[in-house]
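Asker: Predicted model and sequence below, questions to follow.
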Amino acid sequence: MDKKERQLYLATVPSSAFESGNLKRYYGCLTCYPFISDKLNHPSFDVQDVINDYDYVHQSDLRNHPDYNAERTEALKLIQETFRLSAHILREHPDQLISQLLGRLSYPSLLENSYIQSFLEQAKAKIVPPALIPYLGSLQPPGTGLIRTFAGHSSGVVSVEITPDGTKIVSGCHDLTVKIWDMKTGKELHTLTGHSSLIQGVAITPDGTKIVSGGYDKKVKIWDVQTGQELLSLDELPGFVNGVAITPDGAMFVSCIDDIITVWDIETGQDLYTFSDDSCARIDGVTITPDGTKIVSYGTFDTIKVWDIRTGEIFLTLTGDSSRVRGIAITPDSEKIVSAGDDCIIKVWDIRTGKKLASHYVHLALVKRVAITSDGTKIVSASEDNTIKVCDITTGEILLTFTGHYCSVDAVAITPDDTKIVSGHDNTINIWDIMTKHNVYFQGKSHYTNKSIYGLKITPSGTKIVTFGGLIMQVWDIETGQELLTLTGHSGSNTWVDLHANKIYPGNNGYINSVEITPDGTKIISASNDATVKIWDITTGQELLTLAHPLRLQNGHHNYVKEVVIIPNETKIFSSSDDLLMSSSGDLKLRFWDITTGQELHVIDDSIKWDDPGEWGDIIEWEDPREYEEELVQRLNLINDFIKGKSVQELNDLCNDPREWYEPIERKKRPVQINLKDIGVKNRKMTPDEKKVVSINNYSDYPNSIKIWDNETAKILLTLTGHSSIVKEIAITPDGTKIISGSRDSSIKIWNLSTGKCLHTFIDDSPITAIAISPDGKKIIAGDEAGSLHFLELVV
């Protein structure tokens, strides 16, 4: 058929089949991968057109059709939901279709549906190598409550509002833009530009025709929703605009600047009333009661105040909140205030008496925003624990928990019909089904850690994965993705020891910094901010040894342990163990340990470098102490390479004077022209033949790029560009032909190491934080900021 006939065929086959009563043809068409792929890739169609084809499956009388098939119907619903979840990716990258389908549908419970199995097998048959293809489900699957993701902002979304008819979303973002979105399709309708600094709040008039926005550029702007045109701008206001709200009649809007509340005429921009509160250094936000008579504000010193909207009289000051208030909402009857704060508690207040009616403990971190359903019975809250929760306003019972954001959720709103939640975080907006009947923690996703994955390792046998993030390590089966062990034991504080005062000082933000696996694959070594190194049995999870415990003042590290490296003990100079352990710390020392007994064997005192950084030439040019950490760990890895094969006498000499380590290491293992500050701690990999060095280059001439160097001449051979955000991790395949990179742009890329060409891209739901390649080079395991592990096959 010709192009026009093909276009007509793709456009009409599903609808004509269904409307003519040919349900079998309708089923078959929408579970035929070639048909779906052709339509998605056709220039006349959008991914929403594909999604719309599946709408017939939701008709209530479908069960009465003689060809109705429950399993096939369920398959179509799952496929439609998958397309909706992937729409923001497929709209820009239709080549991601196979990986998106496999990543979202390859879960055991979903594969029980034979039509899903068949559909995915058709997709696999169309794979064109080289490619990174999920062999286990790891992307957000259908059935979790997430409906759709909107992508387009480039920074943190701080405010979301929904038009009264529920058809559009308005978002305010720190990228200095306000965007208007189509709720159903996810398409960006307008981008409103004009603010020159961070936007702090947006509001929509009750008739849905105007938007009010305010920000740190000391401006308030009014926009037309339909056209996106700026209608009015109030410039050169006396301070940062921290929040805006609109009266229920749409005639006025309210702004808060420093400790001042101003009521404005929305048509003329005239200042009608101005109120101030000398007791509050700054008002952070305002809202207006649904009856239009009062303004409720919150600000510094943990205060919530209720004002008369026309006189500015303060009716009420709510006390009893011991932490900063982050957000407030008013019940539809104007009788209650709900507040969110840094103490992780949601509080309910009587707006007339100021009495605290309830305190609900529903989150594990500070609560950023709250909203209330139209019947006043439920609270929807957004938190820094990366979740959205729905709870009963009276009892605090948690009714729903939505997971899927990879960082703090900073904005939340409810659709007028109370069926959906809109949330904002980082640079995306999510829509959730508040009426979901599914368990929102998807049980099939067994490799979902709920913690950002900081790093991961694969055992030498290629059968297990070890991940770490926060204070937790987990061991996984590489074939099934099942969690085998969870290891805990490191403390949650950054510990350092004052040797002079003989005291131990706990700090904050304890976490595991580094993990290694012994060459025989039997033990895990972990280094933590608690100043310890621990050795674990990889099969049982038993903690075998703790090295450098802070109570052992005569031995061990006295500050956080940054990195551990395992050294094959070929010379047996220090001990009879097959392997030694070397660790680096914020105490400026390198320590050698017997990996079997835990005995500390040698210490290299590196503090001399801190006293006189200029003595060591171009490799020590720090702008701040963090650069020293990078240099220390970099040399730790270089030392590991350098000492292999050294004689007993050579090693003894090197341990006597640490300065003798640097020059031969620098000469032998690092091109002298490669600046370590540019390469960083984990940002350098050497090819198996040691002829080339591959490094991450995030901040200099080609940001977010990868450089390939000649290891002998230090000449840059290639610069690989294509990532749109920071490159977090790189790995080289065992055959030395390909580079795998992971980035904060949520993508993993395969590169040809010889030509620098990008061969394939896999797009995740969240920023990539860690990557490892199996010893046989056939599997790529990646971790992301949301805590998901991705199990990818490298198809060549």
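Answerer: Now that the structure is in, tell me what you want to look at. Numbering: from 1, shown residues only.
Asker: From residue 198, how far off is residue 595?
Answerer: Separation of residue 595 from residue 198 (C-beta to C-beta, to the nearest Å): 51 Å. The C-beta positions use only the backbone N, C-alpha and C, and glycine is treated the same way.
Asker: Please say which of those two ends up with more neighbours.
Answerer: Each of residue 595 and residue 198 has its neighbours counted (other C-beta atoms under 10 Å); residue 595 has more, 23 against 18.
Asker: all strands of the stretch 51-200 of the chain, in order?
Answerer: Under the criterion DSSP state E, counting those that start in this stretch, the stretch 51-200 of the chain contains strands at 131-134, 146-151, 157-162, 168-173, 177-182, 188-193, 199-204.
Asker: Could you export those as JSON lines, including mean neighbour count?
Answerer: Below are these laid out as JSON lines (neighbours: other C-beta atoms under 10 Å):
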{"stretch": "strand 131-134", "mean neighbour count": "20"}
{"stretch": "strand 146-151", "mean neighbour count": "22"}
{"stretch": "strand 157-162", "mean neighbour count": "24"}
{"stretch": "strand 168-173", "mean neighbour count": "26"}
{"stretch": "strand 177-182", "mean neighbour count": "22"}
{"stretch": "strand 188-193", "mean neighbour count": "17"}
{"stretch": "strand 199-204", "mean neighbour count": "24"}
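Asker: Could you dump the ones you listed into a markdown table and include distance to residue 477 and mean pLDDT?
Answerer: Compiled in a markdown table, the strands of the stretch 51-200 of the chain are given as follows (distance: least, C-beta to C-beta, whole Å; pLDDT from 0 to 100):
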| stretch | distance to residue 477 | mean pLDDT |
| --- | --- | --- |
| strand 131-134 | 16 | 97 |
| strand 146-151 | 27 | 96 |
| strand 157-162 | 37 | 97 |
| strand 168-173 | 41 | 98 |
| strand 177-182 | 41 | 98 |
| strand 188-193 | 41 | 98 |
| strand 199-204 | 46 | 97 |
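Asker: could you dump the ones you listed to JSON lines with distance to residue 281?
Answerer: Compiled in JSON lines, the strands of the stretch 51-200 of the chain are given as follows (distance: least, C-beta to C-beta, whole Å):
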{"stretch": "strand 131-134", "distance to residue 281": "51"}
{"stretch": "strand 146-151", "distance to residue 281": "36"}
{"stretch": "strand 157-162", "distance to residue 281": "21"}
{"stretch": "strand 168-173", "distance to residue 281": "24"}
{"stretch": "strand 177-182", "distance to residue 281": "28"}
{"stretch": "strand 188-193", "distance to residue 281": "31"}
{"stretch": "strand 199-204", "distance to residue 281": "17"}
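Asker: Tell me which of those strands sits nearest to residue 734.
Answerer: Of all those, strand 131-134 sits nearest to residue 734, with 16.1 Å by C-beta to C-beta.
Asker: partner strands of the closest one, parallel or antiparallel?
Answerer: Applying DSSP bridges, strand 131-134 is found paired with strand 789-795 (antiparallel).
Asker: Go ahead and confirm residue 431 touches residue 147.
Answerer: Yes: using C-beta atoms under 8 Å, residue 431 is in contact with residue 147, at 4.5 Å.
Asker: anything in contact with each of the two?
Answerer: Shared contacts of residue 431 and residue 147 (C-beta atoms under 8 Å, 6 or more residues apart in numbering): residue 420.
Asker: Now residue 690: closest residue in space that isn't a chain neighbour?
Answerer: residue 711 (6.1 Å; C-beta to C-beta, 6 or more residues apart in numbering).
Asker: show me the contacts for that neighbour.
Answerer: Residues near residue 711 by C-beta under 8 Å, 6+ apart: 671, 686, 690, 691, 692, 693.
Asker: can you list contacts of stretch 291-302?
Answerer: Contacts of stretch 291-302 (C-beta under 8 Å, 6+ apart): 245, 247-249, 254, 256, 259, 261, 277, 279-289, 304-309, 315, 321-325, 327-328, 330, 334, 337, 339, 341, 351.
Asker: Pull up the gap between residue 525 and residue 581, please.
Answerer: Distance of residue 525 to residue 581, given as C-beta to C-beta: 6 Å.
Asker: Quick check on the two: which one has the bigger neighbour count.
Answerer: Taking neighbours as other C-beta under 10 Å, residue 525 and residue 581 compare with residue 581 leading, 28 against 24.
Asker: so what does the host helix or strand of the more buried one touch, helix or strand wise?
Answerer: Secondary structure assignment for residue 581, by DSSP states H and E: strand 579-585. Helices and strands touching strand 579-585, as assessed by 3 or more C-beta pairs under 8 Å, 6 or more residues apart in numbering; DSSP states H and E, comprise strand 561-568, strand 589-594, helix 625-643.
Asker: Any idea which of the ones you listed has the lowest pLDDT on average?
Answerer: Mean pLDDT is lowest for helix 625-643 among those, at a mean of 46.
Asker: Give me the residues contacting stretch 181-191.
Answerer: 46, 48, 87-88, 91, 148-150, 152, 162, 166-171, 177-180, 227-228, 415, 429, 431.
Asker: who's the closest residue in space to residue 432 that isn't next to it in sequence bridged to?
Answerer: Leaving aside its sequence neighbours, residue 432 sits nearest to residue 421 (C-beta to C-beta, 6+ apart; 4.3 Å). On DSSP bridges, the residues paired with residue 421 through beta bridges are residue 414, residue 432.
Asker: Walk me through the domains of the protein.
Answerer: Here the domain parsing of the chain from the TED database is 3-126, 151-433, 464-493+508-605, 675-795.
Asker: Show me the one of those domains that comes nearest residue 133.
Answerer: Nearest to residue 133, of the domains of the chain and by C-beta to C-beta, is domain 675-795 at 5.1 Å.
Asker: Let me know the average pLDDT across that closest one.
Answerer: 89.
Asker: Contacts for the longest helix along the chain, please.
Answerer: For the chain, the helix with the greatest residue count under DSSP state H is helix 70-90. Residues from elsewhere that reach helix 70-90 (C-beta under 8 Å, 6+ apart): 27, 30-31, 40, 47-48, 50-51, 54-55, 57-58, 62, 96-97, 100-101, 104-105, 110, 113-116, 119, 139-143, 146-151, 185-186, 428, 763.
Asker: Residue 603: how many residues sit nearby?
Answerer: If you count neighbours by other C-beta under 10 Å, residue 603 ends up with 16.
Asker: and if you look at residue 302?
Answerer: 18.
Asker: Please report how far it lies from residue 319.
Answerer: According to C-beta to C-beta, residue 302 and residue 319 sit 9 Å apart.
Asker: if we can go back for a sec, what angle do the strand holding residue 581 and strand 561-568 make?
Answerer: Strand 579-585 runs at 160 degrees relative to strand 561-568, counting by axes from the mean of the first three to the mean of the last three C-alpha atoms, to 10 degrees.
Asker: ok, strand 579-585: who's next to it in the sheet?
Answerer: Partners of strand 579-585, by DSSP bridges, with direction: strand 561-568 (antiparallel), strand 589-594 (antiparallel).
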